[in-house]
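1. Predicted model follows, preceded by the sequence.
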Amino acid sequence: MTLSPSTGVRGVARSEGACGTVCLDGVRLLGAEPTDVLVRDGVIAAVGARSESVGARQVDATGLVMLPAFVDLHTHLREPGAEEAETIASGTRAAAEGGYSDVFAMANCAPITDTPRRLTHIAAVAARTAACRVHPVGAITRGLAGRELAPLAEMAAAGARMFSDDGRCVTDAAVMRAALAEARRTGTVVAQHAQCDRLADAGQINAGPAAERTRLPPWPGVAEESIVARDAVLAGETGAALHVCHVSTAGTVEVVRWAKQRGLPVTAEVAPHHLVLDDSLAATGDTLYKVNPPLRGAGDVAALRAALADGTIDAVATDHAPHPAHRKAAEWCDAPFGMLGLETALAIVAEVLTACGAECGSEPDWALIADLMAHTPARIGGVAAVAGRSLRPGEPATFTLVDPAADWTVDPADSHSLSRNSPYAERKFRCRPITTVVSGTVTSDRAGLLTPR
Ligand SMILES: [Zn+2]
C-alpha cells in the first residue's frame with residue numbers, strides 16, 4: 001500500500017466535498033496584493049486572470065490570505081490504543097480546522113507502530129476516516145525500547161518516510177548510529193526526541209527557578225543539548241538526515257546553528273507552545289502546562305523566536321498531544337505530558353512573527369510562514385511531491401485561507417479534538433485559518449465560504 005498518494009485526495013475521507021470551479025476574488029496570495037485565483041478540477045487553474053473564470057462560481061475572498069495548506073511533522077493521533085483521547089478521525093478534523101493538509105502520526109500508539117503491518121493499518125484507517133492525509137511514522141526501535149532496531153527498511157518499503165521513537169529518546173549512541181545508517185540507505189529521515197535518560201532522569205519541570213519553587217524533579221536543558229550535539233555528529237558521519245524534534249532551549253539552538261554551519265544534514269522543528277509559554281506558567285502547578293520537553297525560561301523562548309526568524313529552525317511542528325481531562329486532573333507527577341496544538345499553531349506563529357506584536361495591527365511575513373509550516377516540513381518529511389506545493393497554476397488546489405484579522409478567543413470546548421487540554425483558554429489571537437482545501441476537496445470551512453449552507 002502506498003501511504004503518500006501521488007495525486008488526488010486519497011486519505012482524505014471526511015470532507016465537505018469538492019469545491020468545484022470557483023474563482024476566489026480578491027484573495028491575497030502569500031499576503032501579497034489582492035488578486036483572483038481560479039480553482040478547477042482540483043488544481044489551481046489560473047492566478048490573476050479574470051477572463052478565464054467564465055462559468056466559475058465567484059467567491060468573495062477579499063482580505064483573506066491564501067497559504068499552502070500546512071504539514072505537521074509531529075502529531076499524536078492516539079489511535080490505536082487511546083481513542084478516549086483522540087482518534088484518527090478527530091485529530092485530523094482538528095488538523096483540517098487548523099489549516100493542515102498533512103500530518104505525520106507519531107508511533108507511540110498501542111500497539112506501537114513498529115512493523116509494516118501496523119503502519120499500513122493506520123494508513124487504512126486514515127483512508128476511511130481522516131480529514132487530512134496521514135503519514136504514519138515508524139518507530140526507530142522495537143517497542144520504543146531503545147535497544148533493537150525496528151524493521152526500518154520494511155517499513156520504508158511500506159511507505160514510511162520518517163522514523164521516530166518520539167515520547168522516548170534513542171539514548172544508546174550505537175543504536176542511533178545504526179538507525180541513521182539505515183535511514184541513509186532508505187532515503188528516509190530519523191526524528192529524535194532528544195532527552196538523555198540519565199541526565200533528565202525523572203525530570204518533571206524545567207531545571208532552575210521553576211523546579212526550585214515547586215520542588216519537582218528538574219529536567220535540565222543539557223539533557224536535550226547533549227543528545228542533539230551527539231546526533232548531529234552521527235548524522236555527519238553517516239550522511240543521514242537527522243531531524244531534531246521540539247527544540248526547547250537556547251543551547252540547542254546554538255548546537256543546531258553549529259551543525260548547519262558545518263554543513264551537517266540536520267533540520268530542526270520548534271513547537272508553538274515553546275514560542276509563547278515559559279516555565280513561570282509551569283511553576284503555577286497547573287498541569288495544562290506540563291509538556292515534554294518542558295516549558296523553558298524566558299531567555300530560551302527569546303532564543304527560539306530569534307531562531308525561527310533567522311532560519312536556524314526549519315519548521316514549526318505542533319507536538320499535538322491530546323489527553324482526557326481526568327488524566328490531566330491528576331497530581332503534577334502523575335499527569336501526562338502534552339498539550340493540544342493543531343488548531344492554534346498558525347495563530348501563534350503569526351503572532352510571533354508579527355514584528356511589533358499582535359497589538360499594532362501589522363502582519364507577519366506570510367511567505368516565511370508558508371516555508372515554516374508547509375514547504376519545508378513537506379521536504380523534511382519526504383512528501384514534497386504531494387504536500388507543501390507552491391500556489392502556482394497547474395499545482396494541486398491544496399491551500400488554507402487565513403483571516404488575518406479574525407480577532408478570536410480560544411475556547412477549548414470548541415476544539416474538534418476529543419480532548420480539551422489546550423493551554424490557551426481565553427487567550428486572544430489575531431489570525432485564524434477559516435477554510436482548508438486539499439486538491440480541490442473542502443476539508444474545513446468554518447464560515448461556509450466554499451460550501452454555502
Ligand atoms: Zn517528543
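-> Here it is on my side, so go on. Numbering: from 1, shown residues only.

2. Would you mind listing what in the protein touches the ion?
-> Residues of the chain found near the ion (Cβ under 5 Å from the ion) are 166, 193. Heads up, the C-betas are built off the backbone N, CA and C, glycines and all.

3. for the chain, which spans come out with low pLDDT?
-> Along the chain, segments meeting pLDDT under 70 span 1-11, 14, 16, 49-53, 355-361, 452-453.

4. Tell me which other helices or strands the lengthiest helix in it touches.
-> Counting residues, the longest helix in the chain under DSSP state H turns out to be helix 222-238. With contacts taken as 3 or more Cβ pairs under 8 Å, 6 or more residues apart in numbering; DSSP states H and E, helix 222-238 sits against helix 173-186, strand 189-192, helix 197-200, strand 241-244, helix 250-261, strand 266-270.

5. what residues does that helix touch?
-> For helix 222-238, contacts defined as Cβ atoms under 8 Å, 6 or more residues apart in numbering pick out 169, 171, 173, 176-177, 180-181, 183-184, 192, 194-196, 199-200, 203, 240-242, 244, 247-249, 251-252, 254-256, 258-259, 262, 264-266, 293.

6. so what's the residue in the stretch 151-300 of the chain positioned nearest to the ion up against?
-> Nearest residue of the stretch 151-300 of the chain to the ion: H193, at 3.7 Å (Cβ to the ion). Shown in contact with H193 (Cβ under 8 Å, 6+ apart): 164-169, 245-246.

7. sorry, back to before: in the longest helix of the chain, which residues are buried?
-> By neighbour count with 16 or more other Cβ atoms under 10 Å, helix 222-238 contains the buried residues 223-236, 238.

8. what's the closest of these to L144?
-> When those are compared for distance to L144 (Cβ to Cβ), I227 wins out at 15.7 Å.

9. Where does H323 sit: helix, strand or coil?
-> Put simply, H323 is coil when judged by DSSP: H, G, I helix; E, B strand; the rest coil.

10. In CSV: the helices and strands packed on helix 222-238, plus mean neighbour count.
-> Below are the helices and strands packed on helix 222-238 laid out as CSV (neighbours: other Cβ atoms under 10 Å):
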stretch, mean neighbour count
helix 173-186, 20
strand 189-192, 27
helix 197-200, 16
strand 241-244, 25
helix 250-261, 20
strand 266-270, 25
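
11. And these: which comes nearest R215?
-> Comparing those by Cβ to Cβ, helix 197-200 comes nearest, at 17.2 Å.

12. who touches that closest one?
-> The contact list for helix 197-200, computed with Cβ under 8 Å, 6+ apart, reads 169, 171, 219-220, 222-224, 226.

13. sorry, back to before: how far off centre is the longest helix of the chain?
-> Averaging C-alpha positions (Cα atoms, centre = their mean, to the nearest Å) puts helix 222-238 22 Å from its chain's average.

14. All the helices of the stretch 301-450 of the chain, in order from the start?
-> Using DSSP state H, counting those that start in this stretch, the helices of the stretch 301-450 of the chain run over 325-328, 345-353, 366-370, 376-380.

15. how about the shortest one: buried residues?
-> It stands for helix 325-328. Neighbour counts over helix 325-328 (16+ other Cβ under 10 Å) mark 327-328 as buried.

16. In the stretch 301-450 of the chain, mark out all the strands, start to finish.
-> 315-316, 399-403, 408-409, 428-429, 432-438, 441-445 (DSSP state E, counting those that start in this stretch).

17. mind putting these in CSV, mean neighbour count included?
-> Formatted as CSV, those follow (neighbours: other Cβ under 10 Å):
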stretch, mean neighbour count
strand 315-316, 28
strand 399-403, 25
strand 408-409, 14
strand 428-429, 15
strand 432-438, 27
strand 441-445, 24
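
18. which one of the ones you listed lies closest to L119?
-> Comparison of the strands of the stretch 301-450 of the chain against L119 by Cβ to Cβ identifies strand 432-438 as nearest, at 21.5 Å.

19. Could you list the residues in contact with that closest one?
-> Strand 432-438 is contacted from outside by 9, 12, 15, 19, 39, 64, 69, 96-101, 132-133, 346-347, 396-403, 406, 408, 442-447, 449-450, using Cβ under 8 Å, 6+ apart.

20. of the residues you listed, buried ones?
-> Listed as buried from these are 9, 12, 15, 19, 39, 64, 69, 96-101, 132-133, 346-347, 396-403, 408, 442-445, 449-450; burial here means 16+ other Cβ under 10 Å.

21. Okay, strands next: where are they in the stretch 1-150 of the chain?
-> Going by DSSP E, counting those that start in this stretch, the stretch 1-150 of the chain shows strands at 22-29, 35-40, 43-47, 57-60, 65-68, 70-75, 100-105, 133-136.

22. show me what contacts the closest residue to T113 other than its chain neighbours?
-> Excluding the flanking residues, the one nearest T113 by Cβ to Cβ, 6 or more residues apart in numbering is A107, at 3.8 Å. When contacts are counted by Cβ under 8 Å, 6+ apart, A107 is found next to 113-114, 136-139, 144, 163-166.

23. so E363 touches G31, yeah?
-> Yes - shown here, E363 and G31 form a contact pair, counting by Cβ atoms under 8 Å, at 6.2 Å.
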